[in-house]
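> Using only what follows, build the 3D model:
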Amino acid sequence: MMNGMIALTLPAMTVLAPFTAWANGGTGGYSGYGHMWGGGGHFFYGPVMMILVLAIIVAIVVLVVRWMGGGSGGQSTPAGKSPADILKERYARGEIDSKEFEERRKILGD
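Next up is the predicted model:
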């Protein structure tokens with residue numbers, strides 16, 4: 001339930017954040033266009049900062065999802081075990097018969 005709430009709240013906050021600045025209105029204490037347009041291109045930093053903040057938010061969300069999900073979705077072999085070791089263990093547990101064991105051992109080149 002909480003993950004669903006976060007999944008809905010975060011995009012809504014991201015979309016609505018620029019409107020809160022726009023809703024403040026006015027010129028921010030400046031008179032006319034002197035400081036905004038004549039200030040050497042500082043109006044460029046607003047969109048750049050917004051993109052940077054969004055990129056940081058996306059990176060944090062991706063890292064949290066990977067951390068909670070356990071990383072990659074694929075299967076990996078346990079540390080220190082070769083495919084031949086795993087094959088021998090499966091044969092010892094009776095999961096495969098001797099014919100299948102020999103076929104797979106030949107494929108592995110062991």
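> ok, which stretches of the protein are helices?
Using DSSP state H, the helices of the chain run over 2-24, 34-37, 45-69, 83-93, 98-108.
> neighbours of residue 84, just the number please.
13 (other Cβ atoms under 10 Å). Yep, even glycine has a C-beta here, placed from its N, CA and C like the rest.
> go on, residue 58?
By other Cβ under 10 Å, 12 other residues sit near residue 58.
> Adding mean pLDDT as columns, could you present the helices of the chain in CSV?
Shown next, in CSV, are the helices of the chain (pLDDT from 0 to 100):
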stretch, mean pLDDT
helix 2-24, 66
helix 34-37, 52
helix 45-69, 90
helix 83-93, 91
helix 98-108, 91
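> which of those sits most buried?
Per-stretch averages of neighbours, counted by mean count of other Cβ atoms under 10 Å, single out helix 83-93 among the helices of the chain, with a mean of 13.
> Quick one: work out the angle between that helix and helix 98-108.
What separates the directions of helix 83-93 and helix 98-108 is an angle of 180 degrees, with axes from the mean of the first three to the mean of the last three Cα atoms, to 10 degrees.
> What helices and strands are in contact with helix 83-93?
helix 98-108 (3 or more Cβ pairs under 8 Å, 6 or more residues apart in numbering; DSSP states H and E).
> For the helix it packs on, name the packing helices and strands.
Partner elements for helix 98-108 (3+ Cβ pairs under 8 Å, 6+ apart): helix 83-93.
> Could you export the helix it packs on as PDB, CA atoms only?
The C-alpha coordinates for helix 83-93 follow below in PDB (Å, rounded to 0.1, in the frame of the first residue of the first chain):
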ATOM      1  CA  PRO A  83      28.900 -25.100 -13.100                       C
ATOM      2  CA  ALA A  84      30.500 -28.500 -12.800                       C
ATOM      3  CA  ASP A  85      30.200 -28.300  -9.000                       C
ATOM      4  CA  ILE A  86      26.500 -27.500  -9.300                       C
ATOM      5  CA  LEU A  87      26.000 -30.300 -11.800                       C
ATOM      6  CA  LYS A  88      27.600 -32.800  -9.400                       C
ATOM      7  CA  GLU A  89      25.500 -31.500  -6.500                       C
ATOM      8  CA  ARG A  90      22.300 -32.000  -8.600                       C
ATOM      9  CA  TYR A  91      23.400 -35.500  -9.500                       C
ATOM     10  CA  ALA A  92      24.100 -36.300  -5.800                       C
ATOM     11  CA  ARG A  93      20.700 -35.000  -4.700                       C
END
